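Asks: predicted model and sequence below, questions to follow.
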Amino acid sequence: MDFDRLRFVSERADTSEVRLALKMPEAPGAFQALYDNIFPCNVTEFTYRFYKADAPADIMIAFQPRTATYMDRLEKGGYSPRDVTNDQLVSTHLRHVAGGRSKRVGAERIFRFEFPEAPGALRKFLSHFGPGFFNCSLFHYRNYGHDFGRVLVGIQAEQTPEADVKVQAFLDDLGYRYVEETDNETYHQFLRSDNPI
């Protein structure tokens, strides 16, 4: 059996993972607040794309819950969670294509990161996105069981000297390996808006 087939089998056999569709406020710090509602659960997948500032963001998240209270906590937090663990459309297609081009994202910079697959790595990253910092406009992560997770992140930031200093300070403080993909032709073809606002 090859590794792709093994991943296919393991994803279907793993009953410890739950996948939810939910809504989250579109505001700096909202990822951190969501994560705090499920921490210290192991997040195995997270898909988000900025749509517009005056509407809640639609999120897909998969994690391994430690108790059955996560739905109550998310409901009370106003996230309107819906369990889509057994939804075949989500499992087969939608979780991979959520998002797409966003006409309202404005100035955006795209980065590929390697997150250590260790407790607290996502929390460390999200702790930087609060008031006074840039908004996260895209986030895609899936745990494949490696030592490092591959994460695609969009940050709403102009390419100006002032913004460059702030972004570079964030990248240096974070300490994760990264590649900036803002000029990648495929990003421009499939994800970047032609008319940034």
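Replies: Received, thanks.
Asks: where does the prediction get shaky in this structure?
Replies: Scanning the chain for pLDDT under 70 picks out the ranges 1-15, 89, 92-102, 130, 189-190, 193-197.
Asks: can you pull out the helices in it?
Replies: Secondary structure of the chain by DSSP state H: the helices cover 3-13, 30-38, 70-76, 88-89, 95-97, 121-126, 161-174, 185-190.
Asks: can you tell which of the ones you listed is closest to Phe148?
Replies: Taking Cβ to Cβ as the measure, the helices of the chain were each checked against Phe148, and helix 121-126 came out nearest at 9.2 Å. Every C-beta, even on glycine, is put in place using the N, C-alpha and C of the backbone.
Asks: would you turn the helices of the chain into JSON lines with distance to Ile59 and mean neighbour count?
Replies: Written out in JSON lines, the entries for the helices of the chain read as follows (distance: least, Cβ to Cβ, whole Å; neighbours: other Cβ atoms under 10 Å):
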{"stretch": "helix 3-13", "distance to Ile59": "19", "mean neighbour count": "10"}
{"stretch": "helix 30-38", "distance to Ile59": "7", "mean neighbour count": "19"}
{"stretch": "helix 70-76", "distance to Ile59": "11", "mean neighbour count": "14"}
{"stretch": "helix 88-89", "distance to Ile59": "17", "mean neighbour count": "9"}
{"stretch": "helix 95-97", "distance to Ile59": "11", "mean neighbour count": "15"}
{"stretch": "helix 121-126", "distance to Ile59": "13", "mean neighbour count": "19"}
{"stretch": "helix 161-174", "distance to Ile59": "22", "mean neighbour count": "13"}
{"stretch": "helix 185-190", "distance to Ile59": "20", "mean neighbour count": "12"}
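Asks: make CSV out of the ones you listed and add distance to Phe133.
Replies: Converted to CSV, the helices of the chain look like this (distance: least, Cβ to Cβ, whole Å):
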stretch, distance to Phe133
helix 3-13, 34
helix 30-38, 11
helix 70-76, 24
helix 88-89, 35
helix 95-97, 28
helix 121-126, 11
helix 161-174, 7
helix 185-190, 22
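Asks: for beta bridges, what are the partners of the most centrally placed residue in the chain?
Replies: For the chain, the residue nearest the mean C-alpha position is Phe139 (3.0 Å; Cα atoms, centre = their mean). On the basis of DSSP bridges, Phe139 takes part in beta bridges with Tyr48, Val153.
Asks: surely Thr85 meets Glu17?
Replies: Yes: assessed by Cβ atoms under 8 Å, Thr85 is found in contact with Glu17 at 7.4 Å.
Asks: between the two, tell me which one has more neighbours.
Replies: Glu17 (15 against 12; other Cβ atoms under 10 Å).
Asks: so who does that one touch?
Replies: Glu11, Thr44, Ala62, Phe63, Gln64, Thr85 (Cβ atoms under 8 Å, 6 or more residues apart in numbering).
Asks: try it again with 10 Å
Replies: Contacts for Glu17 (Cβ atoms under 10 Å, 6 or more residues apart in numbering) come out as Glu11, Asn42, Thr44, Glu45, Ala62, Phe63, Gln64, Pro65, Thr85, Asn143.
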